[in-house]
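Peer 1: have a look at this prediction, sequence included:
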Amino acid sequence: MLENNTQEQIKLLEENFLFKFWPYIPPGIIKKEATSKDVSQKLSCLVAERNQPFISLDRIYFPLAERYLEATRITNKITGEVTIGERCGALPLEEQLDLLKPYKSIILGDVGSFEGTTLLKVCSLLEQKGLKIEELVLGFVGKVAQEKLSPKYKLSSLYTFEFYEWIELRDFFGIDGRRQFGTNNLMPYWNNLSSWASISLKDDKNVTSLCKEYNSKLLEVLEKGGYDIQRIDTRIKYMESEQNE
């Protein structure tokens, strides 16, 4: 848990970053922002109404889940191939799935789904272990994801959008990103902003610089607050974007 002073400084960084970032979004796109605290509180209320075992893919937005499946997208930095694997420091994914088998029937939660592809793969892995997914509970769901998910599962969400793009600031700030296959390393989004964040090529360098600037500011705030920034995963480069690192 971050101390209040550190939280306030990070909040100010987020506000300043967005002020500088929004001009790079094309005209006509409606800009929305939401805090993790607000979304987490609303999701907790939504889940509290359910009686089945609740399994979450995200600890930040579902702090009171019965169990967590520490799964994430794993990216091959050379080929760009994306698979599903365990998060950094977690048990191998197969072991995690085996631990969930006794539940038989579950509700599955996550912060959101943009296109639905990754979530469908996770659901398939759970179903292969004999679990029945009674409901999906999401904070945000894109229309494309809704069309893929709702025919197969009961789907509940706080917000449904026709997304241009959806991304968390922890990705822009470089403390999270795409995981490298076979390692605990991550590739920050600033390595591939056009594909991973829908940033135009003409703005790529400026947004990359902005992300790196605020990554440095965030690490400075955390370090001054007494937090061990060495615990943040090692950043590596991605494919042809290595020159940007």
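Peer 2: On my side now, so go ahead.
Peer 1: OK, contacts around residue 32?
Peer 2: residue 161 (CB atoms under 8 Å, 6 or more residues apart in numbering). For every residue, glycine as well, the C-beta is placed using N, CA and C.
Peer 1: confidence score at it?
Peer 2: For residue 32, the pLDDT comes out at 88.
Peer 1: against residue 51, how distant is it?
Peer 2: Distance, residue 32 to residue 51, by CB to CB, to the nearest Å: 32 Å.
Peer 1: can you list contacts of the longest helix along the chain?
Peer 2: Longest helix in the chain by number of residues, with DSSP state H as the criterion: helix 204-224. Applying CB under 8 Å, 6+ apart, the set of residues contacting helix 204-224 from outside is 6, 9-10, 13, 16-17, 20-21, 24, 172-175, 188-190, 193-194, 197, 199, 229, 232, 244.
Peer 1: apply 6 Å and report the result again.
Peer 2: The contact list for helix 204-224, computed with CB atoms under 6 Å, 6 or more residues apart in numbering, reads 9, 13, 17, 20, 24, 172-174, 190, 193, 199, 229, 244.
Peer 1: which ones among the residues you listed lie within helices?
Peer 2: Cross-referencing those against helices under DSSP H gives 9, 13, 17, 20, 172, 193.
Peer 1: tell me the spacing between the fifth one and residue 165.
Peer 2: What that stands for is residue 172. According to CB to CB, residue 172 stands 11 Å off from residue 165.
Peer 1: please report how far the most centrally placed residue in the chain lies from residue 132.
Peer 2: Centrality entry for the chain: nearest residue to the mean C-alpha point is residue 168, 6.4 Å, by CA atoms, centre = their mean. According to CB to CB, residue 168 stands 30 Å off from residue 132.
Peer 1: the strands in the protein, which residues?
Peer 2: 54-56, 67-68, 71-75, 82-86, 105-113, 132-142, 155-161, 178-180, 186-187 (DSSP state E).
Peer 1: much appreciated, bye for now.
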